[in-house]
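Novice: one predicted model, sequence on top.
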Amino acid sequence: MTIEKITMPKLGESVTEGTISTWLVKPGDQVSKYDAIAEVMTDKVNAEIPSSFTGVIKELSVSEGDTVEVGALICTIETEEAGEKKEAVETAPSADAASSRDAAADTAMKSRYSPAVMRLAQENDLDLSAITGSGKGGRITRKDVEAIIASGEKPQKQEQKQPAAEEAPAPVREQAIEPAHTAQTDAVGKSIPVTGVRKAIATNMVKAATEIPHAWMMVEVDVTDLVAYRNKVKDAFKEKEGYALTFFSFFVKAVAQALKEFPQLNSSWAGDKIIQHDDVNISIAVAKEQELFVPVIQSADDLSVKGIAKQITNLAKKARTGKLTAADMQGGTFTVNNTGSFGSVQSMGIINYPQAAILQVESIVKRPVIIKDMFAARDMVNLCLSLDHRILDGLICGQFMARVKEILENVSESTMPVY
């Protein structure tokens, strides 16, 4: 027998650590190579860790909720060496003992649900305890839940047999329990543990806010022509392509174009050097209930407005259905955040570490503007830039913002065709 080590894998570019959210195995469990052994959460994505070997789990080196660095030991597994065979008489447990162990393992595995399974069940009002899983040990997989959703029938939980009167447990004497003493003993309200994606977001935001010296600037942009152009073609586009042509697509296109002209903003901090990226990969923020994901539009500068709109639609759909992969979250070089979708008109974003800047696109608002000494109703939008002052200065950022403003104020079928 050989004891092998399984370590925390690298689940994405710039990912340096992960949190074990759920163990799917316990010591003594037999696993095959590539079986999922744990669910792990990073600030980029939730994923399952596969076993690197076939064998028996010996020891779990970290607990659920522990955050460990990439490459750190998470568990050990005992594998059978080549040519070595076990005698059945020596190793096989009795039938009764084996069935008891298997039943216990089945029960433990069935009650472990992945984040994707939990989300689908909540969104479709399904009782997971009433579903028979097809995974290892009866574990419910995403395919099991999707099959039930597709069938349109909700499984009903079987009624449990009530214990006979003589089997009822003896009453327990009530005892006075001292209330736990906390720093806010008089606080009234619901206590919400900080776990899962919210914990990862908190960790990443604190790192960004404490390590990056943020500076901020805003420009006001007249997008009247952009609004008119988009409104003119949006219905035909939706009918032809099957997805919406949003204002955000034009903003991402303008930013990608300006980043090619001002590559200093398409950079990241790397300790003793600044990395200026060749590819313009735009990170966008997508929210799902209390979860925030930042998938990436790869090579956005090479895409048309249509191509960007399609990428935004696909990534948002994958995020909201729990189908984003680690690859979808990798390689971002600059972030554009559509805060205007919430009605915001001015905000300061926290930079997506280790990128150099983040641009907030605010709501488009019709306001009176003076043009040639006369008032005119114009569609106006604020663009708010947060920048890493270690990498960037006001001069270059001001020039970048002026260029984005120029592009957006001159949008037409000839300057920014949809196709």
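Specialist: Structure received. Numbering: from 1, shown residues only.
Novice: please enumerate the strands of the stretch 1-150 of the chain.
Specialist: 2-7, 17-23, 30-31, 36-41, 46-50, 55-60, 67-69, 73-79 (DSSP state E, counting those that start in this stretch).
Novice: out of those strands, which comes closest to Gly138?
Specialist: With C-beta to C-beta, the closest approach to Gly138 among the strands of the stretch 1-150 of the chain belongs to strand 36-41: 14.4 Å. (Glycine included, C-beta is placed from N, CA and C.)
Novice: dump the C-alpha coordinates for the closest one into PDB.
Specialist: This file holds the C-alpha atoms of strand 36-41, laid out as PDB (Å, rounded to 0.1, in the frame of the first residue of the first chain):
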ATOM      1  CA  ALA A  36     -15.500  14.300  -6.500                       C
ATOM      2  CA  ILE A  37     -14.200  14.400  -2.900                       C
ATOM      3  CA  ALA A  38     -14.900  17.900  -1.800                       C
ATOM      4  CA  GLU A  39     -16.600  21.100  -2.800                       C
ATOM      5  CA  VAL A  40     -14.400  24.200  -2.700                       C
ATOM      6  CA  MET A  41     -15.100  27.900  -3.000                       C
END
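Novice: return the distance of it from the chain's centre.
Specialist: Put simply, strand 36-41 sits 15 Å off its chain's centre (C-alpha atoms, centre = their mean, to the nearest Å).
Novice: so what strands line up beside that strand?
Specialist: Counting by DSSP bridges, the strands paired with strand 36-41 are strand 17-23 (antiparallel), strand 46-50 (antiparallel).
Novice: just to revisit the earlier point, now the strands of the stretch 1-150 of the chain in CSV, with mean pLDDT, mean neighbour count and distance to Met374?
Specialist: Converted to CSV, the strands of the stretch 1-150 of the chain look like this (pLDDT from 0 to 100; neighbours: other C-beta atoms under 10 Å; distance: least, C-beta to C-beta, whole Å):
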stretch, mean pLDDT, mean neighbour count, distance to Met374
strand 2-7, 93, 14, 69
strand 17-23, 86, 21, 59
strand 30-31, 92, 17, 75
strand 36-41, 87, 22, 56
strand 46-50, 82, 19, 55
strand 55-60, 94, 17, 73
strand 67-69, 88, 15, 60
strand 73-79, 94, 19, 68
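Novice: would you turn the strands paired with strand 36-41 into CSV with distance to Ile74?
Specialist: Output for the strands paired with strand 36-41, formatted as CSV (distance: least, C-beta to C-beta, whole Å):
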stretch, distance to Ile74
strand 17-23, 7
strand 46-50, 7
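Novice: which one of these lies nearest to Glu39?
Specialist: The minimum distance between Glu39 and those falls on strand 17-23, with 4.3 Å, by C-beta to C-beta.
Novice: so what pLDDT did Glu159 get?
Specialist: Glu159 carries a pLDDT score of 48 in this model.
Novice: list the contacts of the closest residue to Glu69 other than its chain neighbours.
Specialist: Using C-beta to C-beta, 6 or more residues apart in numbering and skipping the chain neighbours, the partner closest in space to Glu69 is Glu17 (4.9 Å). Neighbour list for Glu17: Met8, Thr42, Thr67, Val68, Glu69, Val70 [criterion: C-beta atoms under 8 Å, 6 or more residues apart in numbering].
Novice: quick check: the fifth one touching Pro9?
Specialist: No: under the criterion of C-beta atoms under 8 Å, Glu69 makes no contact with Pro9, lying 11.5 Å away.
Novice: quick one: what helix or strand has Arg378 in it?
Specialist: For Arg378, the element it lies in under DSSP states H and E is strand 374-388.
Novice: ditto for Leu395
Specialist: helix 394-409.
Novice: tell me the average confidence for that helix?
Specialist: Regarding helix 394-409, the rounded mean pLDDT is 97.
Novice: distance between that helix and the chain's centre?
Specialist: Helix 394-409 sits 30 Å away from the centroid of its parent chain (C-alpha atoms, centre = their mean).
Novice: next one: stretch 368-376
Specialist: Worked out by C-alpha atoms, centre = their mean, stretch 368-376 lies 44 Å from the chain centre.
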